[in-house]
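In: Quick one, structure for this:
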Amino acid sequence: MITNLDESLLHQGIATFDHALVSDHRFYDRTVFVVQSPDGELDLITSVGLYKNNNVMDGFAMLQRGSSRQFNHRYSRTLAPDYDGMVLGPMSIEVLEPLRRHRLRLAPGTYPASYDIRWTAVLPPYEEAHHLKRVDGRIVRDVIRFNQFASASGWIELEGVRTEFSDWFAWRDHSWGVRPGIGGYEPFTGSTETDPGHLGIYLWWLTETEGGFFTVQEDGDGRRLYLDGHIDSRLGEPSLGVIDVAHDYKLVPGTRMYSRGRLELTISDGTRREVDIQPVGRAWAYKGSGYDHGYNDERGLGVWRAKWLEEYDNYDVTHPEAVGLPDGRVVRPVHREQFARVTVNGAPGFAHAPFISTGPNKRYRMSGAGEMLPG
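Out: Okay, here's the model as predicted:
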């Protein structure tokens, strides 16, 4: 089928743009936009994802008010024949100028929120190092991602209260490839080894003089699995790489959530960055977006459900880790992402600062079940 993208001369295979060149049902293409208020009292994460092999486009808008409620708007539709644009009913992400300006919209309706936001980049995008992982010879993760810092202006209305704003901290990422947890099931190839644990620490920070990013991943014994990072100057100086990360987080007792984080980053020019992280609001429960076995059917992202589906609910996030669902259950979702304030070598700034741990972890004395170990 011919789409608007086929008007370009940018084909990379013998197929029109409505086809994927890999047959894996987990193939996806997703963009995520984040808008953070200075005081952490009103924040937004919105996203659109496309799954060509499953004939699905889905997306979400999550809003958080302070440290109490998380409001979730989830959408899913049949992809074909409408491949052009990122539109899911009342929600849309519009490219006004590639890699520079976007418009984020949720039209008013009978659901909790609406917004109209102009997102303007303040630094160029950064392409992360390739993410590739195999288990038993099978590709588990094969992903390309770029991220970018921005400033956001516009308005958000939540439960009838409208807030107009300008120059709020914002960033985005755009990733595509193959990842687990897509399309409702994950192939199993027989591995029965004990869970070695996994720790992922991520930081996107922006100060008046620079924007930086890193991700470091370790197993439960602290062995480094992946590191990539960079720093872009807002003053015209050369970009730098992050070549090492030392971390020390103080956890909320009995949880995998942190109350304070301290980092020492080694930079490619031989200097260091001392980073102090102070969380604001609650860590986002990504189950509300469709990740982490989300949606009412708990089948997660990329599943064909109907020609059109919309779901609205809100979570009680007053507890640092336990999340109250609308049906009365209290769960501890794995995928949590934290907004924060930071100081970087003494300079204040804002950050998106997830700390995600699964399975056992010796450094932070966590068992496989999440309980704190003695000692």
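
In: Run through the bridge partners of residue 246.
Out: residue 264 (DSSP bridges).

In: How about residue 29?
Out: The partner residues for residue 29, given DSSP bridges, come to residue 50, residue 176.

In: got it, and residue 152?
Out: residue 119, residue 168.

In: what does the model give it for pLDDT?
Out: Turning to residue 152, the model gives it a pLDDT of 98.

In: How about the contacts made by it?
Out: 35, 117-120, 165, 167-170 (CB atoms under 8 Å, 6 or more residues apart in numbering). Where you see a C-beta, it was placed from the backbone N, CA and C, and this is true even at glycine.

In: before we move on, what about residue 278?
Out: 260, 340-342.

In: Ok, residue 41 next?
Out: Residue 41 neighbours (CB under 8 Å, 6+ apart): 65-66, 281.

In: Tell me which of these fall in strands.
Out: 65, 281 (DSSP state E).

In: I only care about the contacts of residue 41 that end up buried; give me the PyMOL line for that.
Out: To isolate the buried ones among those in PyMOL, judged by 16 or more other CB atoms under 10 Å, type:
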select buried, resi 65+281
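
In: for the contacts of residue 41, which one is nearest residue 230?
Out: residue 281 (26.4 Å; CB to CB).

In: is it true that that closest one touches residue 69?
Out: No - with contacts counted by CB atoms under 8 Å, residue 281 stays clear of residue 69, the gap being 10.6 Å.

In: now, which of the contacts of residue 278 lie within strands?
Out: Using DSSP E, the contacts of residue 278 in strands are 260, 340-342.

In: Which of those sits closest to residue 320?
Out: residue 260 (12.6 Å).

In: Go ahead and list the helix or strand containing the residue nearest to that closest one when sequence neighbours are not counted.
Out: Here the nearest residue to residue 260 in space, its sequence neighbours aside, is residue 250; by CB to CB, 6 or more residues apart in numbering that works out to 4.5 Å. Using DSSP states H and E, residue 250 sits in strand 240-251.

In: One more: residue 328?
Out: Using DSSP H and E, no helix or strand contains residue 328.

In: and what of the one 10 residues further on?
Out: When elements are assigned from DSSP H and E, residue 338 belongs to strand 336-344.

In: Contacts for that strand, please.
Out: With CB under 8 Å, 6+ apart, strand 336-344 has contacts from 36, 40, 43, 45, 203, 205, 207, 210, 212, 256-258, 261, 273-281, 283-286, 321, 348-356.

In: in its sheet, what does that strand sit against?
Out: Assessed with DSSP bridges, strand 336-344 is paired to strand 272-285 (antiparallel), strand 347-352 (antiparallel).

In: For the residue nearest to residue 260, give me its contacts.
Out: By CB under 8 Å, 6+ apart, the contact list for residue 250 reads 258-261.

In: Tell me what residue 163 is bridged to.
Out: Beta-bridge partners, per DSSP bridges, of residue 163: residue 156.

In: With residue 74 instead?
Out: residue 60, residue 311.

In: That one and residue 161, how far apart?
Out: Relative to residue 161, residue 74 is positioned 22 Å away (CB to CB, to the nearest Å).

In: neighbour-wise, which of those two wins?
Out: A side-by-side neighbour count of residue 74 and residue 161, using other CB atoms under 10 Å, places residue 74 first with 23 against 9.

In: how much space between that one and residue 186?
Out: Distance from residue 74 to residue 186, by CB to CB: 21 Å.

In: re earlier: quick one: closest of the strands paired with strand 336-344 to residue 246.
Out: If we rank the strands paired with strand 336-344 by CB to CB, the stretch that ends up nearest is strand 272-285, at 9.5 Å.

In: what residue is smack in the middle of the protein?
Out: residue 32 (6.3 Å; CA atoms, centre = their mean).

In: Leaving out the residues flanking it, which one is nearest to residue 99?
Out: Counting by CB to CB, 6+ apart, the residue nearest residue 99 is residue 125, at 5.8 Å.
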